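**Student:** Fold the following for me, if possible:
(3 chains)
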Amino acid sequence: MTLAPGKKKEKLDRLAELSAVHDDERGVSLWREAMRRLRRNPAAIVGAVILAAFVLVAVIGPFLVPYEPTDTIGVREKVVSSGHGIIPGPSADHWLGYDHQGRDEFSRMVVGARQTLIVGIVSTLIGLTIGVLIGGVAGAAAGLGGRWGRLVDNVLMRIVDMMLSLPSLLLAVSVAALLGPSLVTVMIAVGMVSVPVFARLLRGAMIAQANRDYVLAASSLGVRKSKIAISHIVPNSLAPVIVQATLTLATAIIEVAALSFLGLGNPDSAVPEWGLMLADAQKYLDVRPGLAIYPAVGIIITALGFTLLGEAMREALDPKLRR
Amino acid sequence: MTLPATDVGTTRAGATDALVEVRDLKVHFPITTGVLFDRVVGHVKAVDGVDLTVPRGQTYGLVGESGCGKSTLGRAILQLTPPTAGEVRFDGMELTRLSAGKMRGLRRRMQMIFQDPMSSLDPRQNVESILTEGLAAHGIGAGRSERRDIINRTLDAVGLPHWALSRYPHEFSGGQRQRIGIARALVLGPELIVADEPVSALDVSIQAQVINLLDELQEELGLTYLVIAHDLAVVRHISDVVGVMYLGALVEEAPSDRLYREPLHPYTRALMSAVPVPDPDLEDRRERILLAGDLPSPANPPSGCRFHTRCPWAQPTRCADERPVLRDVGGTKVACHWAEQIASGELRPHEVRVELVRPGDEGEAPSIVSAPSEPGTYV
Amino acid sequence: MALLDVQDLSVTFSRRGQRTVHAVDGVSFTVDAGEVVGLVGESGCGKSVTSLALMGLLPRQRGVHVGGSASFDGTDLLKLDPRSMRDVRGRDVAMIFQDPLSSLNPVVPIGIQVTEVLVRHRDMSRDAARKEAAELLDRVGIPDPRRRLKEYPHQLSGGMRQRALIAMAVACRPRLLIADEPTTALDVTIQAQILELLKELVRDSGTALIMITHDLGVVAGMCDTINVLYAGRVVETARRKELFAGRRHPYTVGLLRSIPRLDAGRGEKLTPIRGSVRDVLPWTEGCAFAPRCDRRVDACVGEPPAMTPTHTGHEFRCVNPFPLVQPEEARA
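**Tutor:** The predicted structure follows:
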């Protein structure tokens, strides 16, 4: 079938128009493009949904829980006697039963979610802040600083190497020994462990960016080195750091749980925290395995959420996968 | 506020119409080892004694193969790579001794165009931000609207639509990206533009668009170009004078037509005979001078004439122990002891013993391979 | 009969949520024994994907669809199972890639890599294979071949690596060699060496060669037949001299007018093709080149143009081609 000549012309013009970009739509920045790709990735959606649920529980859950998480209600009502191995399981009133001190396990799980989230975020932020500071200075010094810059970079990176060479558990135990066991200790310890990771990652990315032509282009425009570092090199190096931070949140939660489990965490076990709950539950594993399973499943699902989202972000931000 | 850059320009030395004068320029990169403190174990002599002059309003083409130091030379002229020794005079001012602040102010007058339009544009900046950066650094244009005006005029000059402003580099095709790169250089109103392989990353049909654009801009704005490229055909097309580089030094310099008609240096001859021409008849007729082996390492260059290890005309005397200087032979500058004898046909090419070259380098025992052909038509 | 007869080859990539890409969209060409055939085009014209499809090197996964036929000496390469394809590859058909460093195994000495091919495809003993490998390296112009056998790819220069790769490709005396931009990563003087070597090998062994390149100068120097590709289809095909002297398709003409030539004067204006390779029309809607074409007429849009044959074998896919010029005029 053939079209009328006029129509053909029209069609061609339309196609030519389509292949060109229009001026009414705004440009798509890399972040927006990454978000678009993220939205299309099922793994990212699953991760985001898990995390949204987790955050929601952590934020508003404590206001809605049926019982005070520190109220030893079971002991008062004489239904729980941990010494005799009597810890009742789930019932209509207590959805997840009691814990070994007669407190409502469901309420403790919900309130514990908040603690766990705070601990994960704070410890990651500690690691991220210190790591980015060290890595940023080292990266800028190595990338732009010339002879003196290389020296600064060398000194900073050797310090980081020393931190890296300490086993993370040993580091945590030393910090705990120094500051005394508390939740803050645990957060600092877990944060310190991730410092070298962030520092090395940012420094490496910055050095790679410093050798790119657009940095040379900026200096040929007459832009100051400090400005180049701040407005070009750092923003372009942050993507892997952000991905790593998401993944670190997952490991931080697990590590905090592990340290609490070892007794380095908050000595006042009245405040619920999943890692601590897991530690307490080990004595009653034969009587009520559920006490260990609930917090364990909580930790696993949350860590999975962060990992899924982190991996999806890595994919979305990967410049090689850009169209 | 305007920077004193333009005022400094009035202190023009004499009445020479040379915009750029380079004297005995050297750029040596130290090869270092060591964990905490650097220890220098050698030098890569990327640029090793180059003299050249770029006349105002003209195009100087610098051609050579990878590793010959042409890009380093371009960056050293703009003081983006600090030269080890020598002088670079821009409009009469000696750049190598300027303070960092003074140099930054001068950058407004000399700009650069890069090879890979993707990696030379910050992927997180939109076009407006890319073009504003230089204006902001030099305090050009009072407000946003004044800068917009300058930017829009520049976009028109390079043939980009105004709606490009809000877009990001990855939304453009390769040719359009290179136009953005050219616009970034032009927006400051420079006099000198150093273009490092401006078209080699582009598709064939797009190369011509960019080459023509550069030509038009030169005509309209009276720009001076230093074009650096490996493609002899491109360089010859846009240059008034062509300099041929080999291993950190110029081996020949001549007006572009003359260089093409009568190449004097054996390396130039080989280079020209190696460029494929899209004409089957010509391809069948012409004879090639096939060079044996690879480019020697610039960390350990050959003694004497740097080309003597691969030169089909190398002679037992002088070539291996006396470094030839650039000298005038009938209007062409050439660095070859035997240029006249080779041109007259008195000297004939011979076989060359191949020396194997390591990418890392240390040199190897030589052995015999291929033979170059007779001199023929140099197309 | 032709050694290789490619008919209506098509390769599409479809990914979930994205538009299907027709990388190759109905490519047909033939290669006779001992012939050098050029596939020329710009990035995105489908020339490299064509070679990968012929070698069975496209990923076998969902979303990659290969259609058409490629009859090599009677067997359809596209229909072979992976196992038989592996046998054909290296023995009957070999390939040379653009980047020799990434196509050689970096942790295995090149000698072993060459011997491997000989042992696998020619059933040679290790000793015989090693001797043959040294001879091969010598033949491709690598100095001191016996010592080079023990060296790793990173110890050789780019040109020497490409020579080693060529040695591996010709090790089994294949009947067809596919070279995908073999000299693009190399300097001109090294390119000249490698092209000369390829010409010599083809002349001496009677191997057919498919030369894939974007450089019209390279094909002008060495191909017997040239196919110009645009947007996944052959738009013009002719014997070498006829193509350059009597080019008819606006794209071919545009390409030739847009490249600076060494033998042209300073300041001679180039005539670029407008737009970019992104501005294409789908072949089903008409001529893909129409949006960029200066000779566009109404008939260009609506239905896909067919190949117009001539009595000399010169074919072009255009409804409004350049008029036939006498060879003398064309050169002027």
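
**Student:** Give the closest residue to residue B:336 in space, chain neighbours not counted.
**Tutor:** In space, residue B:336 comes closest to residue B:265 once its chain neighbours are excluded; the distance is 5.1 Å by C-beta to C-beta, 6 or more residues apart in numbering or on different chains. For glycine as for every other residue, the C-beta is placed from the backbone atoms N, C-alpha and C.

**Student:** I figured the one you found hits residue B:251, correct?
**Tutor:** Yes: taking contact to mean C-beta atoms under 8 Å, the distance of 4.6 Å between residue B:265 and residue B:251 places them in contact.

**Student:** list the contacts for the residue nearest to residue B:336?
**Tutor:** The neighbours of residue B:265, taking C-beta atoms under 8 Å, 6 or more residues apart in numbering or on different chains as the test, are B:244, B:251, B:252, B:307, B:334, B:335, B:336, B:339.

**Student:** swap the cut-off to 7 Å and go again
**Tutor:** Counting by C-beta atoms under 7 Å, 6 or more residues apart in numbering or on different chains, residue B:265 touches B:244, B:251, B:252, B:334, B:335, B:336, B:339.

**Student:** closest to chain C among these?
**Tutor:** residue B:244 (12.0 Å; C-beta to the nearest C-beta).

**Student:** Is the closest one bridged to anything, and to what?
**Tutor:** Following DSSP bridges, residue B:244 is listed with bridge partners residue B:63, residue B:252.

**Student:** so what's it up against?
**Tutor:** Under the criterion of C-beta under 7 Å, 6+ apart, the contact list for residue B:244 reads B:63, B:64, B:250, B:251, B:252, B:265, B:267, B:268, B:271.

**Student:** what pLDDT does it get?
**Tutor:** Here, the pLDDT recorded for residue B:244 equals 96.

**Student:** Equivalent analysis for residue C:11, please.
**Tutor:** So, for residue C:11, pLDDT stands at 93.

**Student:** thought it was touching residue C:27?
**Tutor:** No: using C-beta atoms under 7 Å, residue C:11 makes no contact with residue C:27, being 8.9 Å away.

**Student:** So residue C:229: helix, strand or coil?
**Tutor:** Under DSSP: H, G, I helix; E, B strand; the rest coil, the three-state class of residue C:229 is strand.

**Student:** wait, doesn't it sit right on residue C:39?
**Tutor:** Yes: in terms of C-beta under 7 Å, residue C:229 counts as a neighbour of residue C:39; the distance is 5.9 Å.

**Student:** Identify the contacts common to those two.
**Tutor:** Overlap between the contact sets of residue C:229 and residue C:39, as judged by C-beta under 7 Å, 6+ apart, is given by residue C:47.

**Student:** Could you find the residue in the stretch 251-379 of chain B that comes nearest to chain C?
**Tutor:** Distance from chain C to each residue of the stretch 251-379 of chain B (C-beta to the nearest C-beta) is smallest for residue B:276, at 2.8 Å.

**Student:** give me every residue that touches that residue.
**Tutor:** Going by C-beta under 7 Å, 6+ apart, the list of residues near residue B:276 reads B:283, C:215, C:217, C:218, C:220, C:221.

**Student:** please redo it, this time with the cut-off set to 8 Å
**Tutor:** Residue B:276 makes contact with B:283, C:191, C:195, C:215, C:217, C:218, C:220, C:221, according to C-beta under 8 Å, 6+ apart.

**Student:** That one - nearest residue in space that isn't next to it in sequence?
**Tutor:** Closest to residue B:276 by C-beta to C-beta, 6+ apart is residue C:217, at 2.8 Å.

**Student:** Name the SS class of residue A:90, please.
**Tutor:** coil.

**Student:** Surely residue B:176 is in contact with residue C:276?
**Tutor:** Yes: with contact defined as C-beta under 8 Å, residue B:176 reaches residue C:276; the gap is 7.2 Å.

**Student:** Settle it for me: which of these two has more neighbours?
**Tutor:** In this comparison of residue B:176 against residue C:276, neighbours counted by other C-beta atoms under 10 Å in any protein chain shown, the higher total goes to residue B:176 at 24 against 21.

**Student:** Between residue C:11 and residue C:27, which has more neighbouring residues?
**Tutor:** Between residue C:11 and residue C:27, counting by other C-beta under 10 Å, residue C:27 is the more crowded of the two (26 against 23).

**Student:** what about the residue nearest to the more buried one when sequence neighbours are not counted, which SS state?
**Tutor:** The spatially closest residue to residue C:27, leaving aside those adjacent along the chain, is residue C:9, at 4.5 Å (C-beta to C-beta, 6+ apart). For residue C:9, the assignment made with three-state DSSP gives strand.

**Student:** anything in contact with each of residue C:11 and residue C:27?
**Tutor:** Taking C-beta under 8 Å, 6+ apart as the contact criterion, the residues that touch both residue C:11 and residue C:27 are C:46, C:50.

**Student:** Specify the local secondary structure of residue B:328.
**Tutor:** Secondary structure assignment for residue B:328 (three-state DSSP): strand.

**Student:** Now do it against residue B:47, distance only.
**Tutor:** Residue B:328 sits 22 Å away from residue B:47 when distances are taken as C-beta to C-beta, to the nearest Å.

**Student:** which one of the two has more residues nearby?
**Tutor:** It is residue B:47, of residue B:328 and residue B:47, that has more neighbours when counted by other C-beta under 10 Å, with 31 against 9.

**Student:** mind listing what that one touches?
**Tutor:** Residue B:47 is in contact with B:25, B:26, B:27, B:69, B:72, B:73, B:76, B:83, B:248, B:249, counting by C-beta under 8 Å, 6+ apart.

**Student:** can you put the residues you listed in CSV and add distance to chain A, pLDDT and neighbour count?
**Tutor:** Rendered in CSV, the data for these read as follows (distance: C-beta to the nearest C-beta, whole Å; pLDDT from 0 to 100; neighbours: other C-beta atoms under 10 Å in any protein chain shown):
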residue, distance to chain A, pLDDT, neighbour count
B:25, 18, 96, 22
B:26, 18, 95, 18
B:27, 15, 94, 23
B:69, 17, 91, 24
B:72, 12, 94, 23
B:73, 15, 96, 29
B:76, 12, 95, 25
B:83, 14, 94, 23
B:248, 20, 92, 25
B:249, 24, 94, 26
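
**Student:** Alongside chain A, which residues does the stretch 151-300 of chain C contribute?
**Tutor:** C:278, C:279, C:280, C:281, C:285, C:286, C:290, C:291, C:296, C:298, C:300 (C-beta under 8 Å from any C-beta of the partner chain).

**Student:** now the first one, nearest residue through space, not along the chain?
**Tutor:** Translated: residue C:278. If the residues on either side of it in the chain are set aside, residue C:278 comes closest to residue B:173, at 5.2 Å by C-beta to C-beta, 6+ apart.

**Student:** Name the residues of stretch C:102-119 that come out as buried.
**Tutor:** The neighbour-count check on stretch C:102-119 (16 or more other C-beta atoms under 10 Å in any protein chain shown) flags C:103-104, C:109-119 as buried.

**Student:** what does it rub up against?
**Tutor:** Here stretch C:102-119 has contacts from C:90, C:97, C:124-126, C:128-130, C:132-134, C:136-137, C:148-154, C:156, C:161, C:164-165, C:167-168, C:171-172, using C-beta under 8 Å, 6+ apart.

**Student:** Also stretch C:261-275?
**Tutor:** B:205-209, B:211-212, B:215, B:232-233, B:236-240, B:256-257, B:260, B:272, B:275, B:277-279, B:282, B:379, C:251, C:254-255, C:257-260, C:291-292, C:294.

**Student:** And that stretch, how far out from the chain middle?
**Tutor:** Taking C-alpha atoms, centre = their mean, to the nearest Å, one finds the center of stretch C:261-275 at 26 Å from the center of the full chain.

**Student:** Quote the end-to-end distance of it.
**Tutor:** Chord length of stretch C:261-275, first to last residue, is 22 Å (C-alpha to C-alpha, to the nearest Å).
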